[in-house]
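> Okay, structure incoming, though there's no sequence with it:
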């Protein structure tokens, strides 16, 4: 999965190095008191993730 946000064009991946994803996600969750209720970041399933999910069924 890839974190990102919703924009006018649709979902946009975060333009951060992978190593920064967890820190940014934690910051956003803290900002919303761990109850973002639709705000904050979203996750996009990658093609590799989709294939892994299909294999596990």
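Thanks, I have the structure now. Remember, it's a predicted structure, so these values are computed and weren't measured experimentally.

> Could you give the number of residues near residue 15?
When neighbours are counted by other C-beta atoms under 10 Å, residue 15 registers 6. To be clear about C-beta, it is placed using only N, CA and C from the backbone, and glycine gets the same treatment.

> That one: what secondary structure?
Following DSSP: H, G, I helix; E, B strand; the rest coil, we place residue 15 in the coil state.

> Next one: it from residue 53, what distance?
Distance, residue 15 to residue 53, by C-beta to C-beta, to the nearest Å: 26 Å.

> do residue 10 as well
The span separating residue 10 from residue 53 equals 21 Å under the rule C-beta to C-beta.

> Equivalent analysis for residue 19, please.
25 Å.

> In terms of packing, which of these two has more residues around it?
A direct count of neighbours by other C-beta under 10 Å for residue 19 and residue 53 places residue 53 higher, at 10 against 7.

> Tell me the pLDDT of that one.
pLDDT, residue 53: 94.

> same question, residue 38
87.
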